[in-house]
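*Asks:* Sequence first, then the predicted structure:
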Amino acid sequence: MPLFWLVVVLLALTALGFWFGRRRALASVQGNPRHLHSLPIYYGANVAMSIAIPALLTLVIWLLAQPLVIENRVSATIPQDLLPENTSIGLVMSDVRRLAEGLDQAVEQNVMTTAETLALDASTTDVRELLGTVGVALGSEVRPEVLSAAQSYRQLSSTGSTAMAVVCLVLALAGFGLSARHTNKEFRARNVVERGVLALLILAASLAILTTVGIVLSMLFETVNFFGLHAWTDFFFGSTWAPNFRGDSELSMLPLLWGTLYISAIALLVAVPVGLFAAIYLSEYAGPAVRSLAKPLLEILAGIPTIVYGLFALLTVGPLLLNLFGQGENGILGLNWMTGATSVLTAGVVMGIMLIPFVSSLSDDIINAVPQSLRDGSLGLGATRSETIRQVVLPAALPGIVGAILLAASRAIGETMIVVMGAGAIAKFSANPFESMTTITTRVVSQLTGDTDFASPETLVAFALGLSLFVLTLGLNVLALYIVRKYREQYD
């Protein structure tokens, strides 16, 4: 049974179970709901949950586990001595999956039958040309062992999908029968449903935590593999970033870290003053009409995709800065400090513009949280409005503002597209903001782009860079939360 129709059947059974459970509960008291322990809706919800939760949970787990199990079984059938030179089993399995998907499309388009796909022989049939007729492009000729593995892959997938449908339907029907059997006027349906909802809430919270743990562990394991192939002293204390996929690479993160921190610092120099002043104006000076118009317009910047900011840096800000600080006598200022539109300053300015709504919105909420009684007391003692803001409101809101700035810094450190299009791709140490540099995030993208082998240090270094960036941003977030919680003023 196709996955779509399996989900439809399960949802239909769930709706039927809800109706049946509610109707059976009312029938047990001759239609008088006052004699029931719980409201009729709880009896229907109990039956529906007994059908849906076990079946759908099994469905999700099966869909996640089946590809892994099938790949392990199929890869074990491929003889290692038949693998081409400089090719890993992972790359071969990628070809197997692509070929299996192509055979599935051929069956769906009635080009071949399932029996014909199983009888294909790579030595007598041009499988690549055959699949090209259904729009599937294969990079190279199909080897016999790859075709055999793809046929096994399809068979195991078909068997697994059938078994999955049977198991899910059996669980749904079993839940239907058991829950319907317990549905009567004495059954405490509300308690059962509330415990079930609580379990779902705990599961949702656990999934969020486990996802974070899974991300960290996946990067950690690959980072360990990287340090098994490359010296950790060169990564942490070297001074050169020069990857070479033919070997003998210098993979130090320090030039990338310098570019990341430099660009982020310039972005904060732009975003913090503008965002903080905007927040002070909106919270202390702007009237209701102006605030209701200006605040949404300011926050529109937060919804603009970063690729648009990157284009803005490439086509507008970069040429403008080049015209101001470069081009020698042809420039506005007659300077020759910049040689190209891509520079640290270009990326930093545009990234700062992107962070303005982030800083202003958080700071505005924090300033508005300062009790009005403090303002009234300061004004009552003779202070002016500006003195009240400087000496009362801002000191009271300072911990939250510092936390907002640190959160904005972590956002700047993780930015990619603006740096790619505005700062260039040169990894080096330099204090000149008019030169091109690069950051950790852009190198992670570069190292994982294209057909890469996840067994070389030049590729695995991306995971070490990602883990280092994760630790850096996590530290900033933890520091921001610590500052906010430790120094937050409590007002009665």
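*Replies:* Arrived safely, thanks for sending. Numbers count the residues shown, from 1 in each chain.
*Asks:* So residue 417 sits against residue 307, correct?
*Replies:* Yes: at 4.9 Å, residue 417 counts as touching residue 307 under the criterion of CB atoms under 8 Å. Any C-beta I mention is one placed from the backbone N, CA and C, and that applies to glycine too.
*Asks:* more neighbours, these two?
*Replies:* Taking other CB atoms under 10 Å, residue 417 and residue 307 do not tie; residue 417 has more neighbours (18 against 13).
*Asks:* Contact partners for the more buried one?
*Replies:* Counting by CB atoms under 8 Å, 6 or more residues apart in numbering, residue 417 makes contact with 306, 307, 309, 310.
*Asks:* rerun at 6 Å
*Replies:* Going by CB atoms under 6 Å, 6 or more residues apart in numbering, residue 417 touches 306, 307, 310.
*Asks:* Residue 306 too?
*Replies:* Residue 306 makes contact with 417, 418 under the criterion CB under 6 Å, 6+ apart.
*Asks:* And it, what's its pLDDT?
*Replies:* For residue 306, the pLDDT comes out at 87.
*Asks:* how much space between it and residue 216?
*Replies:* Separation of residue 306 from residue 216 (CB to CB, to the nearest Å): 24 Å.
*Asks:* will you turn the contacts of residue 417 into a markdown table that also has secondary structure and distance to residue 45?
*Replies:* Formatted as a markdown table, these follow (DSSP: H, G, I helix; E, B strand; the rest coil; distance: CB to CB, whole Å):
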| residue | secondary structure | distance to residue 45 |
| --- | --- | --- |
| 306 | helix | 43 |
| 307 | helix | 44 |
| 310 | helix | 49 |
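*Asks:* now those in TSV, with distance to residue 300?
*Replies:* Below are the contacts of residue 417 laid out as TSV (distance: CB to CB, whole Å):
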residue	distance to residue 300
306	14
307	16
310	18
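*Asks:* Against residue 348, how distant is residue 399?
*Replies:* 26 Å.
*Asks:* The two: which has the busier surroundings?
*Replies:* Higher neighbour count among residue 399 and residue 348: residue 348, with 28 against 19, using other CB under 10 Å.
*Asks:* tell me the SS of the nearest residue to the more buried one once chain neighbours are set aside?
*Replies:* Distance criterion CB to CB, 6 or more residues apart in numbering; nearest residue to residue 348, sequence neighbours excluded, is residue 266 at 2.7 Å. Following DSSP: H, G, I helix; E, B strand; the rest coil, residue 266 is assigned to helix.
*Asks:* Repeat that for the one 10 residues further on.
*Replies:* With three-state DSSP as the basis, residue 276 sits in helix.
*Asks:* got the contact list for it?
*Replies:* Listed by CB under 6 Å, 6+ apart, the contact set of residue 276 reads residue 363.
*Asks:* And the residue nearest to residue 348, what's its pLDDT?
*Replies:* 93.
*Asks:* With residue 131 instead?
*Replies:* Residue 131 carries a pLDDT value of 62.
*Asks:* and what of residue 274?
*Replies:* Looking at residue 274, the pLDDT reads 92.
*Asks:* try the one 3 residues further on
*Replies:* Turning to residue 277, the model gives it a pLDDT of 92.
*Asks:* where's residue 448 relative to residue 427, distance?
*Replies:* 16 Å.
*Asks:* Between the two, which is the more surrounded one?
*Replies:* For residue 448 versus residue 427, the count of surrounding residues by other CB under 10 Å is larger for residue 427: 24 against 15.
*Asks:* That one touches residue 240, doesn't it?
*Replies:* No: in this structure, residue 427 is not within contact of residue 240 by CB atoms under 6 Å, at 8.2 Å.
*Asks:* give me every residue that touches residue 467.
*Replies:* Shown in contact with residue 467 (CB under 6 Å, 6+ apart): 219, 223.
*Asks:* could we number from 3 for the rest of this?
*Replies:* Happy to do that; since the first residue is 3 now, the last one works out to residue 469.
*Asks:* what helix or strand is it on?
*Replies:* Per DSSP states H and E, residue 469 falls inside helix 459-489.
*Asks:* Only the buried residues of that helix, if you could.
*Replies:* Judged by neighbour count using 16 or more other CB atoms under 10 Å, the buried positions of helix 459-489 are 459-472, 474-475, 478, 481-482, 485-486.
*Asks:* Equivalent analysis for stretch 442-449, please.
*Replies:* For stretch 442-449, the neighbour count (16+ other CB under 10 Å) marks 442, 443, 444, 445, 446, 449 as buried.
*Asks:* do the same with stretch 318-334
*Replies:* For stretch 318-334, by 16+ other CB under 10 Å, it's 319, 320, 323, 324, 327, 328, 329, 333.
*Asks:* Residue 438: how many residues sit nearby?
*Replies:* Other residues near residue 438 come to 23 when the count uses other CB under 10 Å.
*Asks:* Can you give the domain ranges for this protein?
*Replies:* As assigned by automatic domain parsing, the chain contains the domains 5-189, 243-489.
*Asks:* Of these, which stretch is the most buried?
*Replies:* The highest average neighbour count among these, using mean count of other CB atoms under 10 Å, belongs to domain 243-489 at a mean of 18.
*Asks:* Dump the domains of the chain to TSV, plus distance to residue 222.
*Replies:* Formatted as TSV, the domains of the chain follow (distance: least, CB to CB, whole Å):
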stretch	distance to residue 222
domain 5-189	19
domain 243-489	6
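*Asks:* Mind telling me which of those the model trusts least?
*Replies:* For the domains of the chain, mean pLDDT drops lowest on domain 5-189, to a mean of 78.
*Asks:* Ends of that domain, what's the gap?
*Replies:* 35 Å (CA to CA, to the nearest Å).
*Asks:* Give me the distance from that domain to the chain's centre.
*Replies:* Here domain 5-189 is found 25 Å from its chain centre; the criterion is CA atoms, centre = their mean, to the nearest Å.
*Asks:* Please apply the same query to stretch 186-194.
*Replies:* Averaging C-alpha positions (CA atoms, centre = their mean) puts stretch 186-194 41 Å from its chain's average.
*Asks:* who's in contact with it?
*Replies:* 30, 31, 37, 38, 39, 40, 44, 45, 48.
*Asks:* Please verify my assumption that the third one contacts residue 31.
*Replies:* Yes: contact status for residue 37 versus residue 31: in contact at 4.1 Å, counting by CB under 6 Å.
*Asks:* re the thing from before, among the domains of the chain, which comes closest to residue 204?
*Replies:* Comparing the domains of the chain by their distance to residue 204 (CB to CB), the top pick is domain 5-189, with 13.1 Å.
*Asks:* Out of the contacts of residue 419, flag the one nearest to residue 5.
*Replies:* Distance to residue 5 across the contacts of residue 419 (CB to CB) is lowest for residue 309, with 32.8 Å.
*Asks:* and the closest one, what does it touch?
*Replies:* By CB under 6 Å, 6+ apart, the contact list for residue 309 reads residue 419.
*Asks:* Determine the next helix or strand in the C-terminal direction from the helix or strand harbouring residue 6.
*Replies:* Secondary structure assigned from DSSP H and E places residue 6 in helix 5-30. Remark: after helix 5-30, the chain's next helix or strand is helix 42-78, criterion DSSP H and E.
*Asks:* Can you tell me which helices and strands that next one packs against?
*Replies:* When contacts are defined as 3 or more CB pairs under 6 Å, 6 or more residues apart in numbering; DSSP states H and E, helix 42-78 packs onto helix 5-30, helix 91-110, helix 146-183, helix 191-231.
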